[in-house]
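curious how this folds, go ahead:
(2 chains)
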Protein chains: 2
Amino acid sequence: MSRMKEISENVIIDSWLEHFLRTPRQFNEPHEADAELIEIPGDSNHYFAITIDTVAEEITTGLYKDPYTMGWVTVMACLSDLAAVGAEPLGMVVSVSVESHRDKTFTKSIAQGMEDACRTLGIFILGGDTNITPTISLTGCAIGIVPRKKVITRCGCKPEDALFITGGVGAGNALGLVRLANMPDDYFPEESYRPVARLKEGQLLRNYASCFMDTSDGLLTTLDQLMRLNGLGFIIHCDWEKILSPQVLEFCNHTKTPHWLMTAGPHGEFELLFTIPSKEENEFLAEAQSHGINPIRLGRVQQTPVVSLVLPSGQRVDVDVAPLRNLLYTVEGDLKRFLKEFRAFGKKWGLEEKMNEN
Amino acid sequence: MSRMKEISENVIIDSWLEHFLRTPRQFNEPHEADAELIEIPGDSNHYFAITIDTVAEEITTGLYKDPYTMGWVTVMACLSDLAAVGAEPLGMVVSVSVESHRDKTFTKSIAQGMEDACRTLGIFILGGDTNITPTISLTGCAIGIVPRKKVITRCGCKPEDALFITGGVGAGNALGLVRLANMPDDYFPEESYRPVARLKEGQLLRNYASCFMDTSDGLLTTLDQLMRLNGLGFIIHCDWEKILSPQVLEFCNHTKTPHWLMTAGPHGEFELLFTIPSKEENEFLAEAQSHGINPIRLGRVQQTPVVSLVLPSGQRVDVDVAPLRNLLYTVEGDLKRFLKEFRAFGKKWGLEEKMNEN
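Numbers count the residues shown, from 1 in each chain, chains lettered A, B, ... in the order given. The predicted model follows:
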């Protein structure tokens, strides 16, 4: 786990956690799961799963302008964490802090985004807290339960396991690029960013997967974190038509944006990235299809702890995702520098040019 | 419940809740409990109790200057909500949003305040989320379990029930007044505001109480809310030496602050206010004492839905707490006006003068 420390975010989380004693009733170690897994007294068959997420930076940096998106994502981010431990949700609570100048239309739209997200998932908001604050901040906390025998975390994949994702990615980063590069809003409208937590998929996956994690921080970040946690690497076949969602492909074509960027940026969506032992792959795929779930095969787990991209040209490029993941800290939050230096990695790795040839 | 709408905060909460469908699996109605009570699938004997609280206004308005206090209160506020439904806590998660300029000493002190509060209560932080935001905001979410048969909420008291509180109050308002009136910090040092959630007391109370609620918004606000929820009133004997904590009494003497203010201000602590059916009072008190719990008898429940203060002089004053509770909204957040107009109620009700005679 020593390579965990190469990532600024992991170090920040650890610097908080080092102050806190851990309960012996907690199943997962730090970083190991998208939600915390805790014994329920008197119930030896289940854990309860709990997670907390704040949507604030996405608002104060101007990534989300529509209050409906703010509410929607507050719910989906939490529920995606539950999906990524295979939990059945019991509900969520929300804490809503808005500026004093906000009118009722604004807060109503946040509430509507939250409620529509809940109805999409069949879950309920149980209660919450409201505050008036100088800058807006929305926090959700969701709880669920998961059978102990079926707990899957981020750890446990083996070399040659098949690597899948529950759906096409890139929408989060397409919206992010529109904002960072000051593109017109309609190049990737904010209302098309309505990611849905993969609850049904998570509950199926807990019967098959050797590890899983959501893509809330983008595909490459997720792969990099799984690599560090498992001490193993991944080979990804960059078939962009399959990996990216149709809207994102269209955005890339229209704006001449290289495809790799849509998997590398830090603003993800809520797909589940997961591994399946190869001998169970066929059975898993048959059951998935019977549930209307059509996962995308990305590649496989490899012994060497590195993320390897096999480009459409057949060329293989090993990428070190750490400097990308740390870039927001390196540039000290300067978003213009962030975009420029981020894109430079594509040139350095020979990705930017290759993609444009496609 | 129509009188609930006379209070701005209740209206704000309702305006959020009206957008949200409620789950049939939730035991409590809105406003009825300090924590949300939800059925646990497969366990017909218990409810999950869950609560979320954000500490932000207390920091941005300058009430808390010490990061240790910020962390301490984030934990205690949540756990007090669990105490006030008689729950046994399972743990909590925290979301910590701090400004980019904060150094490690600052964040370390927040974490230490959180951890010391947890150790005081014998609970654990399970995990969390961190963010960089323009203004600081700390959110905690705690969960626990409570036997279904023993669920007590804010509703259920009857006329003539005895009214108690778990300990002396006023510390929150003493600190608040020091800040609002620009008194020297050492008149009521911030480090003396270390309220402790009454978990042990809550678990005992669930066997006896007809209703309970914590005093996180101050004693009179708590009484007023219970009055509105139950459609009944309270008679309080204003024996300040018993009701206020020793430090608060000393503060009042030193600063010539009228005692009533310490029960009326909106910044409370985490005592439990509760009612006991009169025929069970003796048994309750005997068991409480055997557990080292020494509740303070405040008065009793009355049929008329009004809060009546019986002053040390014997004079009875019926107070309408609504304009006090709504004052922060009436003055639109102008804290100087707030203090001036707040104190004027004491004169209007004949409290300020009486107290000064004491």
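
residues contacting the residue most central in space within chain A?
With the centre of chain A defined as its mean C-alpha position, the nearest residue by Cα atoms, centre = their mean is A:S216, 1.7 Å away. A:S216 sits next to A:A77, A:S80, A:D81, A:G268, A:E269, A:F270 when contact means Cβ atoms under 8 Å, 6 or more residues apart in numbering or on different chains. For the C-beta atoms, the positions are set from N, CA and C on the backbone; glycine is no exception.

let's see 6 Å
By Cβ atoms under 6 Å, 6 or more residues apart in numbering or on different chains, A:S216 lies in contact with A:G268.

and the residue nearest to A:G350 when sequence neighbours are not counted, helix, strand or coil?
Using Cβ to Cβ, 6 or more residues apart in numbering or on different chains and skipping the chain neighbours, the partner closest in space to A:G350 is A:V317 (6.2 Å). Under DSSP: H, G, I helix; E, B strand; the rest coil, A:V317 falls in the strand class.

and the residue of the stretch 251-358 of chain A that's closest to chain B?
A:G333 (6.3 Å; Cβ to the nearest Cβ).

where's that residue relative to B:E341, distance?
42 Å (Cβ to Cβ, to the nearest Å).

do the same with A:A117
Applying Cβ to Cβ to A:A117 and B:E341 gives a distance of 41 Å.

of these two, which one has the most company?
A:A117 (27 against 15; other Cβ atoms under 10 Å in any protein chain shown).

what helix or strand is the more buried one on?
helix A:104-121 (DSSP states H and E).

and the angle for the following helix or strand past that helix with helix A:104-121?
Using DSSP H and E, the next helix or strand after helix A:104-121 towards the C-terminus is strand A:125-132. For strand A:125-132 against helix A:104-121, the angle by axes from the mean of the first three to the mean of the last three Cα atoms, to 10 degrees is 160 degrees.

which stretches of the stretch 251-358 of chain A form strands?
With DSSP state E, counting those that start in this stretch as the criterion, the stretch 251-358 of chain A has strands at A:272-276, A:296-302, A:307-310, A:316-319.

got these as a markdown table, with mean pLDDT and mean neighbour count columns?
Shown next, in a markdown table, are those (pLDDT from 0 to 100; neighbours: other Cβ atoms under 10 Å in any protein chain shown):
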| stretch | mean pLDDT | mean neighbour count |
| --- | --- | --- |
| strand A:272-276 | 98 | 28 |
| strand A:296-302 | 98 | 19 |
| strand A:307-310 | 97 | 19 |
| strand A:316-319 | 96 | 15 |
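
make a markdown table out of those and add distance to B:H237.
Output for those, formatted as a markdown table (distance: least, Cβ to Cβ, whole Å):
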| stretch | distance to B:H237 |
| --- | --- |
| strand A:272-276 | 61 |
| strand A:296-302 | 71 |
| strand A:307-310 | 71 |
| strand A:316-319 | 73 |
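
what residues does chain A have near chain B?
A:12, A:16, A:19-20, A:23, A:36, A:38, A:50, A:52-54, A:56-57, A:60, A:90, A:93, A:95, A:97, A:111, A:115, A:124-131, A:133-135, A:137, A:139, A:141 (Cβ under 6 Å from any Cβ of the partner chain).

buried ones among the residues you listed?
A:16, A:19-20, A:23, A:36, A:38, A:50, A:52-54, A:56-57, A:60, A:90, A:93, A:95, A:97, A:111, A:115, A:124-131, A:133-135, A:137, A:139, A:141 (16 or more other Cβ atoms under 10 Å in any protein chain shown).

in what helix or strand does A:K65 lie?
Going by DSSP H and E, A:K65 is not in any helix or strand.

from the chain's centre, how far out does stretch A:234-246 sit?
Distance of stretch A:234-246 from the chain centroid (Cα atoms, centre = their mean, to the nearest Å) equals 16 Å.

okay, now that stretch: how far is its last residue from its first?
24 Å (Cα to Cα, to the nearest Å).

now that stretch: buried residues?
Those would be A:F234, A:I235, A:I236, A:H237, A:C238, A:W240, A:I243, A:L244, A:S245, for stretch A:234-246 by 16+ other Cβ under 10 Å.

ok, now which ones touch the fifth one?
If I follow you right, that is A:C238. Contacts of A:C238 by Cβ under 6 Å, 6+ apart are A:L309, A:L311.

how near is it to A:I276?
20 Å.

and the nearest residue to A:V301 once chain neighbours are set aside, how many neighbours does it have?
The shortest distance from A:V301 to any non-neighbouring residue, by Cβ to Cβ, 6+ apart, is to A:D161 (4.4 Å). A:D161 is flanked by 25 other residues according to other Cβ under 10 Å.

below-threshold pLDDT in chain A: ranges please.
Confidence mapping of chain A against pLDDT under 70 gives the ranges A:1-2, A:353-358.

show me what whichever strand in it runs longest is packed against.
Counting residues, the longest strand in chain A under DSSP state E turns out to be strand A:43-55. Packing partners of strand A:43-55 (3 or more Cβ pairs under 6 Å, 6 or more residues apart in numbering or on different chains; DSSP states H and E): strand A:36-40, helix A:67-83, strand A:137-147, strand B:88-98, strand B:125-132.

kindly calculate the angle that it makes with strand A:88-98.
30 degrees.

hmm, who's touching strand A:43-55?
Against strand A:43-55 from outside (Cβ under 6 Å, 6+ apart): A:27, A:35-38, A:40, A:70, A:73-74, A:77-78, A:81-82, A:85, A:87, A:138-148, B:93, B:95, B:97, B:128-129, B:131, B:141.

could you identify the helix or strand that succeeds that strand?
Following strand A:43-55 in sequence, per DSSP H and E, is helix A:57-60.

how deep is A:S44 tucked in, by neighbour count?
8.

tell me how far it lies from B:F124.
For A:S44 relative to B:F124 (Cβ to Cβ), the value is 20 Å.

which residue is it, in the stretch 151-300 of chain A, that comes closest to chain B?
For the stretch 151-300 of chain A, Cβ to the nearest Cβ, closest residue to chain B: A:S216, 11.0 Å.

find the nearest non-adjacent residue to A:I236, please.
A:I236's closest residue in space is A:G299 (Cβ to Cβ, 6+ apart), at 4.4 Å.

tell me which residues touch the one you found, please.
A:L163, A:I235, A:I236, A:H237.

please identify which of the residues you listed is nearest to A:Y208.
Nearest to A:Y208 among the contacts of A:G299: A:L163, at 13.1 Å, using Cβ to Cβ.

the helix or strand A:M227 falls within: what's the following helix or strand?
Using DSSP H and E, A:M227 sits in helix A:219-230. Using DSSP H and E, the next helix or strand after helix A:219-230 towards the C-terminus is strand A:233-237.

what number of residues lie near A:T120?
16.

measure it to chain B for me?
For A:T120, the distance to chain B equals 12 Å [Cβ to the nearest Cβ, to the nearest Å].

cool, A:T105 as well?
From A:T105 to chain B the distance is 12 Å (Cβ to the nearest Cβ).

contacts only, for that residue.
Per Cβ under 6 Å, 6+ apart, neighbours of A:T105: none.

distance between the ends of stretch A:95-109?
Across its full length, stretch A:95-109 reaches 15 Å between end residues, using Cα to Cα.

cool, and stretch A:304-318?
Start-to-end, stretch A:304-318 (Cα to Cα) is 11 Å.

contacts for that stretch?
By Cβ under 6 Å, 6+ apart, stretch A:304-318 touches A:223, A:227, A:231-238, A:319, A:321, A:349, A:354.
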